[in-house]
Each structure stands twice: as C-alpha cells, then as structure tokens.
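> Please find the sequence and the predicted model below.
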Amino acid sequence: MSSAPSAQGPLVVGVDTSTQSTKALVVDAATGQVVASGQAPHRVTTGEGRESDPQEWWEALCAALRQCGPLAREASAVSVGGQQHGLVTLGKDGKPVRPALLWNDVRSAPQARSLLERLGGPKEWADRVGSVPGPSFTVTKWAWLAEHEPDTARATAAVRLPHDYLTERLTGLGTTDRGDVSGTGWWASASETYDEEILGMVGLDPALLPRVARPGEVVGTVRGGAELPFSKGTLVAPGTGDNAAAAMGLGLRPGTPVLSLGTSGTVYAVSERRPADPTGTVAGFADARGAWLPLACTLNCTLAVDRVATLLRLDREEVAPGGTVTLLPFLDGERTPDLPHATGMLHGLRHDTTPGQLLQAAYDGAVHSLLGALDLVLDTDADADRSSPLLLIGGGARGAAWQHTVRRLSGRAVQVPQAQELVALGAAAQAAGILTGEDPSAIARRWGTAQGPVLDPVERDEATLSRISGVLSDAAPLMDRAPHGE
C-alpha cells in the first residue's frame with residue numbers, strides 16, 4: 001500500500017483486473033497523483049486451457065481496495081479496466097457456472113477456423129466486425145463451450161467480459177463498453193451494434209449480452225454492501241478493456257505507436273479511421289472514447305523470456321551479444337504470427353553458443369514478432385508517425401535487455417513513460433471524466449502520464465532480423481502442426 005497526505009480535487013478509483021492480479025489506485029482527479037494503492041493476486045490454470053474463477057477477481061478487488069484504506073471510501077467515481085476477450089458465463093443466480101475462459105486459452109482454434117469459413121472468409125469478418133477472429137476472441141470461446149460443454153451453455157443466463165463482470169458486481173447492472181466489446185467477434189464495428197447473424201451462428205441469444213454504454217456515460221452507482229470500502233452511490237464509469245484503458249492512461253494522440261511488454265506483447269495506435277485488416281493480424285478494435293485502436297498482439301513476451309532465463313539459470317538481464325542462434329519463444333502457441341499449435345524452437349546451436357546468447361536470442365525472437373506486428377498496425381493507419389519514439393510500456397518496459405533489444409531491432413528511439421499502472425490510471429482518467437465531462441485522454445495528458453526519458457535510436461540490426469525471418473519462414477509449417485489426437 002502507498003499513500004499521500006492530501007489531494008487538490010475529488011478522488012477517483014481506477015482498477016486494472018489483469019491476467020494475474022487486480023490492482024486498484026486512488027487518484028487525485030485534479031493532479032493525477034496516486035494517493036493510495038493496493039493489489040491482490042488470482043490464480044490461472046496452466047497448459048493449453050487457461051481459466052480463472054471470476055469470484056477470485058472480485059475477492060482480489062475487495063482486497064486491493066481494503067489496502068487503499070479510508071481514501072477509497074472518499075472516492076467520487078470508479079472505473080474498471082480489464083483483460084480482454086475472456087468468456088464469463090453466469091447462471092440465473094448471477095454466479096459463474098464455470099471458470100472463465102481467458103484470452104490466452106487456445107483450445108478454440110478449430111472453432112475459429114470454422115467460423116472464419118462460415119461467414120464467408122476473412123474479408124467479410126474484417127468488413128463487418130473490424131477483426132478476423134482467432135482463438136483469443138470471445139465468439140470462438142463460446143462456440144467451443146457450446147460444442148464441448150453444451151449443458152454449461154444451456155445453463156448460461158448472462159455472458160460477460162471480465163471487466164463487465166466486476167462492473168456488474170459494483171452496480172447490479174449488465175453493461176460493457178465499445179472498447180472491450182470490440183474484441184468479442186460478435187459486435188459489428190461498422191454499425192456499432194451486436195451482429196445477430198454471427199450470434200445466430202454460434203447459438204448465442206443477444207438477450208444474454210450486456211448493454212453497450214456510450215463513452216462518458218455513468219453506467220450506475222455502487223450498491224450498498226459491507227464488503228466494499230466505497231460509499232453507497234459512488235458513480236461508476238463504463239470501464240473498458242486493458243489496452244483501451246492504457247491508451248487513455250497515456251493520453252494517446254492519433255498516430256503515436258505503443259509497444260506494451262507484458263505476459264503478452266501488444267502494439268497499437270489510436271486512429272480516427274475504422275480499421276479492417278483482412279489478414280487478421282491487426283485487430284480493428286474500438287477505443288473507449290469514440291475513435292479506434294488498431295492493435296496486434298503476440299502471446300509470448302515477458303513470461304516466455306523469463307521462462308527461458310529460468311531454464312538457463314540466468315537473471316533476466318544476463319544477456320550476451322554475438323552468436324548465430326535463433327530462438328522462437330512460442331511457448332504458448334502464437335497469435336502473431338498465427339501459429340496456435342506452435343511450441344518454442346531453437347535453431348543454430350553451436351559448441352561456442354553461450355547461455356547469455358541463448359537468452360538474448362529469446363529476447364530477439366519475442367521482439368521480432370512484436371515489430372512485425374507493429375509494421376502491420378502502422379500500415380493500417382494513415383495517421384501513423386513512423387519517426388516518433390516508440391512508447392514502451394508494460395512490465396518489461398524498464399528492463400535494460402528489453403529496451404536495448406527494441407532499440408537494436410527497430411532502429412527507433414524509445415520513450416519509457418515514468419507513470420506505472422497505466423491501465424489503472426486510464427480507468428481513473430475515465431472515472432474523472434464522468435465527473436467533469438472531459439475527454440479522459442485530455443485528463444491524462446494534463447496529468448503528464450506519458451512523460452519519461454527518451455532513449456536515442458541505434459543502428460538497426462538487419463542481419464539478426466533477416467536471420468529470424470528466414471528461420472521462422474522455414475519452420476512455420478512444422479510448428480503449425482496440430483498436436484497428436486486433434
């Protein structure tokens with residue numbers, strides 16, 4: 001817990017419910033100063049199926065808010081940012097009928113391929129939904145559930161995303177927002193409505209879905225209850241998905257590229273134009289403010305590289321230059337490139353290869369995928385600025401090895417915002433916006449959240465980029481083979 005003695009303006013709470021934990025910040029809406037904070041973990045199953053009990057998210061939120069002390073009770077508004085794509089199925093009693101299927105659960109890859117064909121191919125999906133569904137998308141998870149657990153599907157009375165679930169626990173009302181719902185695969189970005197043909201294809205009644213709130217709308221007030229340290233009647237903002245929340249937390253202007261280093265790696269930029277990439281690599285998400293957030297994601301980032309470091313018995317910073325080894329760290333399958341059945345692959349090992357070079361190769365493989373995704377995001381956005389520094393955020397952003405690898409393989413300057421917990425800060429900015437009527441991104445810019453050191457560019461390492469691209473091209477058919485038994 002951290003705290004500060006005084007605040008100039010009303011207090012707001014921003015929440016980040018991520019894959020591994022839930023964080024809460026109490027923020028001074030006038031200055032952006034974090035006056036209290038708390039965090040509590042939740043569990044995720046391992047293996048091909050990744051699941052969490054939504055009740056643990058709620059318990060973690062309550063624990064994080066208790067850590068914030070009495071200042072949470074003084075908050076005037078709250079907003080929840082959350083991990084995207086997760087499928088939460090609730091029964092008639094409002095309780096989960098099974099654990100939530102998370103974004104990185106790739107069991108629905110066969111359903112994703114089937115849905116792609118049934119609607120008429122990737123271009124039709126991109127035109128209607130803005131994105132081509134992969135196994136991370138919620139629509140494929142529902143299709144998997146209906147096929148493999150039909151009794152569970154029939155017992156489901158409400159379908160929610162992770163942030164929707166927590167918002168509903170606060171207000172008692174089923175709502176979502178355009179930023180998070182744009183990652184489901186059943187919300188048509190062209191019309192900004194639920195697509196009833198797609199819902200019919202997967203047998204999902206639209207009556208089970210939450211209302212999509214407008215940007216800046218007050219979706220409800222906190223219900224009374226002893227477990228939450230909020231005052232009854234505290235205003236609740238729509239909330240949004242984690243990437244849209246981080247974009248608000250940075251005060252992001254159109255065209256500025258962001259590279260987020262977390263459990264997954266994510267690249268995005270705000271755009272005034274609705275994106276539609278028929279290759280499916282760039283997701284045409286909405287942002288939480290009324291614009292768009294073309295985004296590409298890799299499944300393997302900090303967690304995968306840390307795992308390689310652990311196997312080598314090295315600290316994550318103990319990298320070494322040189323060598324010709326290539327390591328594709330696709331330990332969880334991969335989304336960009338689209339190789340859901342992939343495992344990690346090592347190529348070019350020699351007698352003189354050192355453990356540090358192996359670890360550097362893991363960083364190189366992860367960053368190669370991210371930069372390839374970033375090029376595609378920028379190709380979809382006419383506003384993109386290809387000369388400005390990359391904004392580097394997420395858990396890996398302060399790591400020297402991550403910073404150096406991004407600079408070396410991108411050839412671009414890198415800016416590392418000093419503000420941490422950008423998802424929770426973005427949610428806090430949204431909560432502040434419903435008090436003042438301001439654009440949350442303008443609030444975040446006033447708070448100065450994106451300020452931080454700029455690291456100068458270095459010469460781009462074309463040889464390493466070319467070597468990784470060649471190995472990936474040659475190895476992709478092998479890595480895309482389905483496991484035996486499928």
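Cool, got the structure. Residues are numbered from 1 along each chain as shown.

> any low-confidence regions in this structure?
1-7, 225-226, 382-383, 482-486 (pLDDT under 70).

> what about the longest helix in it?
helix 355-379 (DSSP state H).

> Starting from it, tell me the next helix or strand along the chain.
Downstream of helix 355-379, the next assigned helix or strand under DSSP states H and E is strand 390-393.

> which other helices and strands contact the longest helix of the chain?
For helix 355-379, the packing partners by 3 or more CB pairs under 8 Å, 6 or more residues apart in numbering; DSSP states H and E come out as strand 265-268, strand 292-298, helix 302-311, strand 326-328, helix 400-410, helix 462-479. All C-beta atoms are positioned from the backbone trio N, CA, C, and that covers glycine.

> can you give me how far it is from the chain middle?
Chain-centre distance of helix 355-379: 18 Å, with CA atoms, centre = their mean, to the nearest Å.

> That helix to helix 400-410, inter-axis angle?
50 degrees (axes from the mean of the first three to the mean of the last three CA atoms, to 10 degrees).

> List the buried residues of helix 355-379.
By 16 or more other CB atoms under 10 Å, the buried positions in helix 355-379 come out as 355-374, 376-378.

> Residue 325 is in contact with residue 357, correct?
Yes. Using CB atoms under 8 Å, residue 357 is in contact with residue 325, at 5.9 Å.

> before we move on, back to that, out of the helices and strands packed on helix 355-379, nearest to residue 47?
For residue 47, the closest of the helices and strands packed on helix 355-379 is helix 302-311, at 14.0 Å, according to CB to CB.

> What residues of the closest one count as buried?
302-309.

> who touches that helix?
261-263, 265, 315-316, 318, 327, 329-332, 344, 358-359, 362-363, 366, 394-396, 402 (CB atoms under 8 Å, 6 or more residues apart in numbering).

> could you redo the last one with a cut-off of 6 Å?
The contact list for helix 302-311 (CB atoms under 6 Å, 6 or more residues apart in numbering) reads 261, 263, 316, 329, 331, 359, 362-363, 366, 395-396.

> do stretch 142-150 as well
107-108, 111, 153, 202-204.

> residue boundaries of the strands in the stretch 51-200 of the chain?
For the stretch 51-200 of the chain, the strands defined by DSSP state E, counting those that start in this stretch occupy 51-52, 77-82, 88-90, 100-101, 158-160, 175-177, 187-188, 193-194.

> tell me what the second one is packed against?
In this structure, strand 77-82 makes packing contacts with strand 11-17, helix 162-171, helix 422-436, judged by 3 or more CB pairs under 6 Å, 6 or more residues apart in numbering; DSSP states H and E.

> go with 7 Å
strand 11-17, helix 162-171, helix 242-249, helix 422-436 (3 or more CB pairs under 7 Å, 6 or more residues apart in numbering; DSSP states H and E).

> Using TSV, lay out the ones you listed together with mean neighbour count and distance to residue 291.
Below are these laid out as TSV (neighbours: other CB atoms under 10 Å; distance: least, CB to CB, whole Å):
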stretch	mean neighbour count	distance to residue 291
strand 11-17	29	20
helix 162-171	26	19
helix 242-249	32	9
helix 422-436	30	14
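
> Out of those, which gets nearest to residue 216?
helix 422-436 (6.0 Å).

> The closest one packs against which elements?
Using 3+ CB pairs under 7 Å, 6+ apart: helix 422-436 touches strand 11-17, strand 21-28, strand 77-82, helix 242-249, helix 440-447.

> what does the last one rub up against?
For helix 440-447, the surrounding residues in contact (CB atoms under 7 Å, 6 or more residues apart in numbering) are 31-32, 248-252, 289, 425-426, 429-430, 432-433.

> any residues touching the following helix or strand past it, and which ones?
Where DSSP H and E defines the elements, the next helix or strand beyond helix 440-447 is strand 454-455. Here strand 454-455 makes contact (CB under 7 Å, 6+ apart) with 389, 403, 407, 413-415.

> ok, back up a step: for residue 75, state which of the contacts of helix 302-311 is nearest.
Among the contacts of helix 302-311, residue 395 lies closest to residue 75 (CB to CB), at 26.1 Å.

> So the closest one sits against residue 264, correct?
No. The criterion here is CB atoms under 7 Å, and residue 395 misses it with residue 264 at 10.7 Å.

> Please say which of those two ends up with more neighbours.
residue 264 (27 against 18; other CB atoms under 10 Å).

> who touches that one in this structure?
104, 297-299, 301.

> wait, isn't residue 422 in contact with residue 246?
Yes. Using CB under 7 Å, residue 422 is in contact with residue 246, at 4.5 Å.

> intersection of neighbour lists for these two?
Common neighbours of residue 422 and residue 246, counting by CB under 7 Å, 6+ apart, are residue 393.

> Identify the contacts common to residue 357 and residue 325.
Common neighbours of residue 357 and residue 325 (CB under 7 Å, 6+ apart) do not exist.

> pretty sure residue 96 contacts residue 90?
Yes. Contact criterion CB under 7 Å: residue 96 and residue 90 qualify, at 6.0 Å.

> Right, I'll leave it there.
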